[in-house]
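Enquirer: with the input below, show me the fold.
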Amino acid sequence: MTLTGSRTVRAGLTALATGALVLSALAPAAGANRAPDPGGVAVMEVGDTPTAAEIDAIVAAMSLDELIGQMTWTHVYGASADDTSMAASNQARYGVDTPAEVVEKYHLGGVLYFAWSGNTGSPAQTVTLSNGLQEAAIGEGGPGIPLAVTIDQEGGLVARVGPPATLLPGNMALGATFDEDLARRQGEVLGAEMQALGVNVDFAPVLDLNSNPDNPVIGIRSMGEDPDVVSELGVAQIQGIQEYIAAAAKHFPGHGDTAEDSHYGLPVVTYDRATLEEHLAPFQAAIDGGVDMIMSAHIIVEAIDPTMPGTLSRAVLTGLLREEMGFEGIVTTDALDMAALAANWSQEDIARLTILAGSDILLNSPDVDASFAGVRQAVTDGEITIERLQESVRRILTWKAERGILVDPFTDPDAIDDVVGSAEHQATAATISDRAATLLRNEARVLPLGCDETILMVGAGSGWPERVGPMLADHGYQVIEDYENGSSPSAAYRARAVAAAAEADVIVFTSNNATSNAAQQQMVAELAATGVPVVVIATRNPYDISVLPGADAVINSYGTGVINFQGVVRAIAGDINPAGRLPVDVPEADGDGVLLPLGSGLSYPGPPQHAGPPTNAGPPDGRPPHAGPPDHAGPPDHAGPGGCSHPGRPTD
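Expert: Residues are numbered from 1 along each chain as shown. Next up, the predicted model:
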């Protein structure tokens with residue numbers, strides 16, 4: 001189906017040089033600075049944004065399927081627009097061979113990039129894909145409207161683009177810095193690098209408050225659990241991203257207090273309205289700060305709607321988000337293939353219900369044909385009106401116009417090298433890593449290590465000790481390494497480590513969510529029984545200290561990436577003074593009370609045991625200060641490994 005009378009035509013990348021984009025739908029407004037081309041259509045100069053009346057004309061001319069298509073954003077398989085190497089996957093899901101054909105078949109309004117679907121192999125390849133898909137969108141057979149090109153590039157745990165793009169330590173590491181300027185700079189890194197790849201929407205940042213230590217899906221993706229801190233850091237990050245592309249705050253109305261992952265089940269949140277208001281605070285701050293988009297969560301929040309998940313709830317998306325909180329931007333669903341929805345409703349019903357609830361975008365349906373069918377039937381039955389679809393499409397096109405996507409959706413591949421993985425961006429990541437390292441226990445001042453220490457490097461395989469060992473060796477330490485795959489250390493591995501401890505002055509152990517892993521807890525206890533000091537790097541969620549009483553020192557990295565370990569290793573070696581502070585409360589192991597409150601953290605020289613010095617307590621409102629002293633900041637020229645230049649821990 002073609003978009004008769006409302007086609008945006010692009011002659012090709014060569015038109016970048018001529019600066020003209022042809023919008024055949026648009027009759028020149030009176031007095032408009034446009035001249036008809038020889039065929040009689042209006043020629044818009046680059047930078048000439050369509051007016052509201054012109055957008056209304058485009059929307060009014062669209063067929064039902066074209067309206068549904070503009071609201072449909074989904075992933076495609078392939079490294080280029082015409083790539084057939086993953087044709088079997090495209091055929092199985094969409095009934096066509098190539099990414100371009102998916103765009104054309106469904107008149108797509110947007111695409112979603114993943115590494116596993118072949119989209120983000122290298123920067124040059126990704127730009128080629130982005131430009132090729134835009135060509136397909138505005139060329140003959142396409143929807144006639146440039147695409148939203150979207151991605152989940154949160155930094156840290158969720159990053160669809162790898163090196164040479166800048167790898168960031170992640171949101172909880174950022175939260176441990178309590179620094180709005182670093183949050184803004186992180187957003188700028190994400191926005192600039194994704195824009196250089198042809199992406200115009202980043203589904204970030206996560207604004208969920210990780211108030212439940214057992215949360216299996218948010219955790220270190222969150223910036224913490226304090227509503228004010230997450231609001232401040234979240235708005236700063238949004239501002240940074242939106243210097244370049246759109247940000248989408250997620251997961252409304254807050255996925256941080258769930259004990260179930262909505263990828264695999266339907267979480268239910270039972271807290272009262274007062275607690276809900278805390279979880280809503282970062283989203284209200286984002287709305288007030290001008291965020292372009294908000295992504296809904298597939299969770300039931302009983303205080304608002306006890307029967308329907310947020311994505312399908314009119315009370316959540318219209319009553320709360322639109323009417324109470326005043327959001328006028330684009331509402332997108334989370335991925336519709338997640339089990340919270342897909343295991344409980346048909347794709348026909350999901351599409352129908354989420355539009356009725358107030359969504360503008362149907363994101364990544366596992367059965368786009370079924371989604372289309374559900375909306376068509378709802379229109380036929382009078383349940384959904386054409387005007388309701390036009391409302392969402394008008395909002396989408398207005399956003400595309402404001403972002404310049406309708407005028408020039410293409411990306412210059414020559415800009416990649418100056419932006420993606422730039423020295424400035426890498427320095428920002430290194431500074432966040434240095435500032436995030438959070439020392440929670442340092443008995444007998446075991447840290448920083450002395451220059452002549454021999455280290456036994458072991459740990460849960462999921463804690464990536466093999467990344468830490470070479471980094472310690474680069475600092476001049478003698479390192480004995482023994483690694484095993486998996487999260488639960490085997491009895492044989494534990495026995496080998498205990499035997500090897502006799503050759504070491506100190507043991508460094510990487511834990512990974514040890515609160516739910518008895519084997520990790522047992523291994524640390526067995527190593528502690530040798531009498532050799534044990535330093536634990538808690539590599540994932542920040543709660544492991546509560547179940548590792550035998551560890552002499554515990555330091556949090558908030559992730560297993562090399563960039564996370566960089567700051568921690570520098571702190572262990574004494575190259576920097578730990579400045580990170582807990583962005584969450586750490587409960588006692590039995591859940592009865594708080595072991596370490598939000599804002600806790602030690603620096604050198606620290607007391608033999610964690611005492612939570614008054615200077616760490618924060619301002620009167622109970623929140624920790626935003627930043628450590630300047631000498632904790634770890635300037636970019638300190639980012640590399642260095643030799644030992646300090647006496648280390650005292651010897652007895």
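Enquirer: what's the closest non-adjacent residue to Ala159?
Expert: Gln153 (5.7 Å; C-beta to C-beta, 6 or more residues apart in numbering). Where C-beta positions appear, they are placed from N, C-alpha and C, glycine not excepted.
Enquirer: and that neighbour, what is it in contact with?
Expert: Shown in contact with Gln153 (C-beta atoms under 8 Å, 6 or more residues apart in numbering): 159-161, 190, 193-194, 199, 202-204.
Enquirer: in helices only, show me these.
Expert: Taking DSSP state H, the ones among the contacts of Gln153 that sit in helices are 190, 193-194.
Enquirer: which of these are buried?
Expert: Buried members of those, scored by 16 or more other C-beta atoms under 10 Å, are 190, 193-194.
Enquirer: all helices for the stretch 151-300 of the chain, in order.
Expert: 171-177, 180-196, 227-241, 273-288 (DSSP state H, counting those that start in this stretch).
Enquirer: what's the burial count for the closest residue to Ala573 other than its chain neighbours?
Expert: Distances taken as C-beta to C-beta, 6+ apart put His475 closest to Ala573, at 4.5 Å, once the chain neighbours are dropped. Each residue near His475 was counted by other C-beta atoms under 10 Å, and the total is 20.
Enquirer: from Glu101, how far off is His475?
Expert: Distance from His475 to Glu101, counting by C-beta to C-beta, to the nearest Å: 53 Å.
Enquirer: in CSV: the ones in helices among the contacts of Gln153, plus distance to Val301 and pLDDT.
Expert: Listed next are the ones in helices among the contacts of Gln153 as CSV, based on distance: C-beta to C-beta, whole Å; pLDDT from 0 to 100:
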residue, distance to Val301, pLDDT
Leu190, 28, 99
Glu193, 34, 99
Met194, 30, 99
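Enquirer: let's have these in CSV, adding distance to Ser392.
Expert: Output for the ones in helices among the contacts of Gln153, formatted as CSV (distance: C-beta to C-beta, whole Å):
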residue, distance to Ser392
Leu190, 26
Glu193, 29
Met194, 24
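Enquirer: below-threshold pLDDT in the stretch 1-150 of the chain: ranges please.
Expert: Residue ranges of the stretch 1-150 of the chain with pLDDT under 70: 1-47.
Enquirer: surely Val479 is in a strand?
Expert: Yes. Membership of Val479 in a strand is supported by DSSP: H, G, I helix; E, B strand; the rest coil.
Enquirer: which positions are bridged to it in the beta structure?
Expert: Ile455 (DSSP bridges).
Enquirer: ok, now which ones touch Thr258?
Expert: With C-beta under 8 Å, 6+ apart, Thr258 has these contacts: 212, 215, 217-218, 267, 269, 299.
Enquirer: can you tell me how far Asn556 is from Tyr543?
Expert: Counting by C-beta to C-beta, the separation of Asn556 from Tyr543 is 9 Å.
Enquirer: which of those two has more residues huddled nearby?
Expert: Comparing Asn556 with Tyr543 by other C-beta under 10 Å, the one with more neighbours is Asn556, at 33 against 24.
Enquirer: residues near the residue nearest to the more buried one when sequence neighbours are not counted, how many?
Expert: For Asn556, ignoring the flanking residues on the chain, the nearest one in space by C-beta to C-beta, 6+ apart is Thr438 at 4.2 Å. Counted with other C-beta under 10 Å, residues neighbouring Thr438 total 29.
Enquirer: go ahead and confirm Thr438 touches Arg581.
Expert: Yes. Checked against C-beta atoms under 8 Å, the pair Thr438 and Arg581 is within contact range at 6.4 Å.
Enquirer: intersection of neighbour lists for those two?
Expert: The contact sets of Thr438 and Arg581 overlap at 176, 601 (C-beta under 8 Å, 6+ apart).
Enquirer: list just the nearest of the buried ones among the ones in helices among the contacts of Gln153 to Val508.
Expert: Checking those against Val508 with C-beta to C-beta, the nearest one is Leu190 at 31.3 Å.
Enquirer: ok, that closest one touching Val201?
Expert: No. Using C-beta under 8 Å, Leu190 makes no contact with Val201, being 11.4 Å away.
Enquirer: got a list of what Val586 touches?
Expert: Applying C-beta under 8 Å, 6+ apart, the residues near Val586 are 213, 440, 542-543, 545-546, 594-597, 600.
Enquirer: next one: the residue nearest to it when sequence neighbours are not counted from Asn200, what distance?
Expert: Computed as C-beta to C-beta, 6+ apart, the closest residue to Val586 that is not its neighbour in sequence is Leu596, at 4.2 Å. Distance from Leu596 to Asn200, counting by C-beta to C-beta: 41 Å.
Enquirer: rewinding a little: of all the ones in helices among the contacts of Gln153, which comes closest to Val76?
Expert: Met194 (17.3 Å).
Enquirer: quick one: closest of the helices of the stretch 151-300 of the chain to Gly459.
Expert: The closest of the helices of the stretch 151-300 of the chain to Gly459 is helix 171-177. By C-beta to C-beta, the value is 18.9 Å.
Enquirer: burial check on Ala315, number of neighbours?
Expert: Neighbours of Ala315 using other C-beta under 10 Å come to 18.
Enquirer: look at it and report its pLDDT.
Expert: On the pLDDT scale, Ala315 is placed at 98.
Enquirer: skip the chain neighbours and tell me the closest residue to it.
Expert: Sequence neighbours aside, Asp305 is the residue nearest to Ala315 in space, at 4.3 Å (criterion: C-beta to C-beta, 6+ apart).
Enquirer: before we move on, what about Glu278?
Expert: Closest residue in space to Glu278, ignoring its immediate chain neighbours: Pro227 at 4.7 Å, by C-beta to C-beta, 6+ apart.
Enquirer: separation between Pro309 and Ala315?
Expert: Counting by C-beta to C-beta - Pro309 and Ala315 are separated by 11 Å.
Enquirer: likewise Thr166?
Expert: Taken as C-beta to C-beta, the span from Thr166 to Ala315 is 40 Å.
Enquirer: and the residue nearest the centre of the protein?
Expert: Residue closest to the average C-alpha location in the chain (C-alpha atoms, centre = their mean): Glu154, at 2.1 Å.
Enquirer: mind listing what it touches?
Expert: 170-171, 203-206, 221.
Enquirer: list the contacts for the residue nearest to Asn556?
Expert: With C-beta under 8 Å, 6+ apart, Thr438 has these contacts: 176, 542, 555-556, 558, 578, 580-582, 601.
Enquirer: for Ala342, same thing?
Expert: Taking C-beta under 8 Å, 6+ apart as the criterion, Ala342 is in contact with 336, 350, 366.
Enquirer: rerun at 6 Å
Expert: With contact set as C-beta atoms under 6 Å, 6 or more residues apart in numbering, Ala342 has no partners.
Enquirer: same check, this time on Tyr94
Expert: So Tyr94 contacts Val102 (C-beta under 6 Å, 6+ apart).
Enquirer: take the contacts of Val586 and lay them out in a markdown table including pLDDT, distance to Thr398 and secondary structure.
Expert: Formatted as a markdown table, the contacts of Val586 follow (pLDDT from 0 to 100; distance: C-beta to C-beta, whole Å; DSSP: H, G, I helix; E, B strand; the rest coil):
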| residue | pLDDT | distance to Thr398 | secondary structure |
| --- | --- | --- | --- |
| Pro213 | 93 | 42 | coil |
| Leu440 | 99 | 48 | strand |
| Pro542 | 98 | 41 | coil |
| Tyr543 | 98 | 44 | coil |
| Ile545 | 98 | 49 | helix |
| Ser546 | 98 | 49 | helix |
| Val594 | 97 | 47 | strand |
| Leu595 | 98 | 50 | strand |
| Leu596 | 98 | 47 | strand |
| Pro597 | 98 | 45 | coil |
| Ser600 | 98 | 46 | coil |
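Enquirer: now the buried members of the residues you listed.
Expert: Using 16+ other C-beta under 10 Å, the buried ones in the contacts of Val586 are 213, 440, 542-543, 545-546, 596-597, 600.
Enquirer: can you pull out the helices in the stretch 401-550 of the chain?
Expert: 416-419, 423-436, 465-474, 491-500, 518-528.
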